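Undergrad: How does the following fold in three dimensions:
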Amino acid sequence: IQATQPANNATSVAADSQIAIYFSKSMDRDKTQAALTIQPAIVPVFSWQDTDKTLLINFVDPMAADTEYQLTFSTETTDKTGLKLSAPYSFAFITAAASSDPTTLVYYEPAADNADAVEPFAPVLLRFSAPINKSTLAFAIEPAIAGDYTTSWNDTGTEATIKFNSGFASGVTYSFTVLATTKDIFGANIIAPAAISFTAATYTKARISTISPASGSSDIATGTNFEITFDRAMNVASVETALSITPAIEKTFQWLDGDTRLRVVPSASLAYATTYLLSLPAAAKAADNLELVADYQISWKTAAQLQVSETIPENDAANLPLSQAVEIRFNNPVNTETLAVSFEPAPVNGFDTTWSDGNRTLLLTPVAPGLQESLSYQIAVLTGTTDIYGNALPRNYTFSFSTGAFTQPEIQATQPANNATSVAADSQ
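TA: Numbering: from 1, shown residues only. Presented below is the predicted three-dimensional model:
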C-alpha cells in the first residue's frame, strides 16, 4: 500500500468522505475486499480505478461524528498474480465533530415567504446550517409539478439548488416543504422548517410540461425517440419550423393527444456517446397563437458502443497457473441473458460464470481441476452480446493466453525395458 486518503492519523475528516487506498500493483478485487476490516463496523461500497491499483470506499450511511475509524488489510490482501501483503497494514483517522446545535434551514429562495410574481423557471434555493447527506434530501411541493427536476449542490454540501424543468404554472400558489427525513452528514435528522409558500407570476404563454427522456439524461439508447408535452395544443407548423437538433439528424414528427404531445422520431440510429441538444425558441407558437414562455434547451447523451475495455489476463499472457480465472470488463452494463462467449479448448469440467460491478465485469472460473498445463487458450466474446441499452459488440473480441508447466518431467518408459536381455546389438 503506497498511500491512503485520508492519511494515517488525519483528524476532522468529513463524515461523508470517500476513502482511497493506493496499491503498487493490480489487486484481486474479491480477495482484497474480503481482507479488509473496518472498526467501528460500517457498510462499505467498493469501486476500483487505475487497473485495480486504486480502491475507493464509500459508505451506505455517513460515518459517525467525532469517531476514530481504523481500516486494516490482513495478509490475505492479494494481487492479480497471487502474491500477498507481507504484513498487515492499518491506518486510522478521526471524523469531524458534529455541531451541538441541530441542523436547520437557515435561508431559502424565493427569499420571502408568500413571495409573488416568481418567475416560472426560478430555482428553489435551500441553505442549511450544516452539510447535508445529499441522498436523503426530501421535499414535497403542492400542487405537484409535472416532469422532472434537477438538484445541484455547493462544494460544502450546505446549499441545494432545485430547478423544475417544466417551470411553475401561471399564477399558481405553491407550498414547498423540506421533510424531516432529511439528514445531515452526521446522521441526524434536520429540524423540519415550516412550509414555504410562493406564487408564480401570471402569464398567458404556453410552456412545456414534460420531457422524455428527461433533459440531461445520459446513456440513452441509440434508438430512442424524444417526446415533448405542452400545456396546450400547439401550432404544428410553427413548432416544427422552430425546432432544431444539434448535431443535425434526419427526423420525422408525430403529433398526439390533440397536438399537445410531440414525438420526434430519428430516421436512423443516433450516434454513440454523443450529446444531442434540442432547441425550441420562445417564438414557437401554440394553437392560440401565443408564444412559449421561454427558450428551451433540452439535452440528452447516448450510451457508448459496447466494448471490452480490459481483460485479465492480458492478450498473449504466458506461464499462467492452472487455476487462472478470466476476468472480462465491459464499458457498459451487459444484458447477461445475451452473453455469448467461447472458451477454446474448453476446461475439462467447464467453467463457472459470475458477474459484478453492475454487470460490467464477467468472471470465468474453470472448475477443478482447472486448466491444463503448457496449453494455449483462446476466448472470444461474440457479437450476440448486448448491453442493457440494446447495443451489441461491433465485432467478436478475441484474446489468448497460455499456461505454464508446473510438474517435474519424469521418464515414463524405456525401450528396451530395464534389465532386458538378449537385446540386438544394433537396437535403437
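Undergrad: Hmm, residue 53 is touching residue 24, no?
TA: Yes. With contact defined as Cβ atoms under 8 Å, residue 53 counts as touching residue 24 (7.3 Å). For every residue, glycine as well, the C-beta is placed using N, CA and C.
Undergrad: Tell me where the stretch 1-150 of the chain is predicted with low confidence.
TA: Scanning the stretch 1-150 of the chain for pLDDT under 70 picks out 111-113.
Undergrad: residue boundaries of the helices in it?
TA: 29-34 (DSSP state H, counting those that start in this stretch).
Undergrad: the strands in it, which residues?
TA: For the stretch 1-150 of the chain, strands defined by DSSP state E, counting those that start in this stretch occupy the ranges 3-5, 10-13, 19-22, 36-39, 44-49, 54-59, 68-73, 89-95, 105-109, 115-118, 124-128, 139-142, 149-153.
Undergrad: again, but for the stretch 201-350 of the chain
TA: 208-212, 217-220, 226-230, 244-246, 251-256, 261-266, 275-280, 296-302, 308-312, 317-320, 326-330, 341-344.
Undergrad: CSV for those strands, including mean neighbour count, distance to residue 66 and mean pLDDT?
TA: Shown next, in CSV, are those (neighbours: other Cβ atoms under 10 Å; distance: least, Cβ to Cβ, whole Å; pLDDT from 0 to 100):
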stretch, mean neighbour count, distance to residue 66, mean pLDDT
strand 208-212, 20, 45, 91
strand 217-220, 15, 38, 91
strand 226-230, 20, 50, 95
strand 244-246, 14, 52, 96
strand 251-256, 12, 58, 98
strand 261-266, 17, 54, 98
strand 275-280, 16, 44, 95
strand 296-302, 18, 42, 93
strand 308-312, 16, 41, 92
strand 317-320, 14, 49, 92
strand 326-330, 20, 40, 94
strand 341-344, 14, 51, 96
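Undergrad: quick revisit: the strands of the stretch 1-150 of the chain: which one's closest to residue 282?
TA: strand 115-118 (18.6 Å; Cβ to Cβ).
Undergrad: circling back: can you add mean neighbour count and distance to residue 255 and give the strands of the stretch 1-150 of the chain back as JSON lines?
TA: Listed next are the strands of the stretch 1-150 of the chain as JSON lines, based on neighbours: other Cβ atoms under 10 Å; distance: least, Cβ to Cβ, whole Å:
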{"stretch": "strand 3-5", "mean neighbour count": "16", "distance to residue 255": "54"}
{"stretch": "strand 10-13", "mean neighbour count": "14", "distance to residue 255": "56"}
{"stretch": "strand 19-22", "mean neighbour count": "18", "distance to residue 255": "52"}
{"stretch": "strand 36-39", "mean neighbour count": "15", "distance to residue 255": "57"}
{"stretch": "strand 44-49", "mean neighbour count": "14", "distance to residue 255": "45"}
{"stretch": "strand 54-59", "mean neighbour count": "18", "distance to residue 255": "46"}
{"stretch": "strand 68-73", "mean neighbour count": "17", "distance to residue 255": "59"}
{"stretch": "strand 89-95", "mean neighbour count": "18", "distance to residue 255": "57"}
{"stretch": "strand 105-109", "mean neighbour count": "16", "distance to residue 255": "37"}
{"stretch": "strand 115-118", "mean neighbour count": "15", "distance to residue 255": "32"}
{"stretch": "strand 124-128", "mean neighbour count": "20", "distance to residue 255": "33"}
{"stretch": "strand 139-142", "mean neighbour count": "14", "distance to residue 255": "30"}
{"stretch": "strand 149-153", "mean neighbour count": "13", "distance to residue 255": "26"}
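Undergrad: closest one to residue 359 among those?
TA: Nearest of these (Cβ to Cβ): strand 44-49, 14.5 Å.
Undergrad: Could you list every helix and strand in contact with the closest one?
TA: helix 29-34, strand 54-59 (3 or more Cβ pairs under 8 Å, 6 or more residues apart in numbering; DSSP states H and E).
Undergrad: Show me what that strand is in contact with.
TA: 27, 29, 33, 36, 38, 54-60, 357 (Cβ atoms under 8 Å, 6 or more residues apart in numbering).
Undergrad: Sheet-wise, list the partners of it with their directions.
TA: When pairs are called by DSSP bridges, strand 44-49 turns out to pair with strand 54-59 (antiparallel).
Undergrad: Show which residues not belonging to the strand it pairs with make contact with it.
TA: 16, 18-23, 27, 32-33, 42-49.
Undergrad: Residue 320 against residue 406, yeah?
TA: No. Here residue 320 lies out of contact with residue 406, judged by Cβ under 8 Å, at a distance of 10.2 Å.
Undergrad: so what sits against both of these two?
TA: With Cβ under 8 Å, 6+ apart, residue 320 and residue 406 have no common neighbours.
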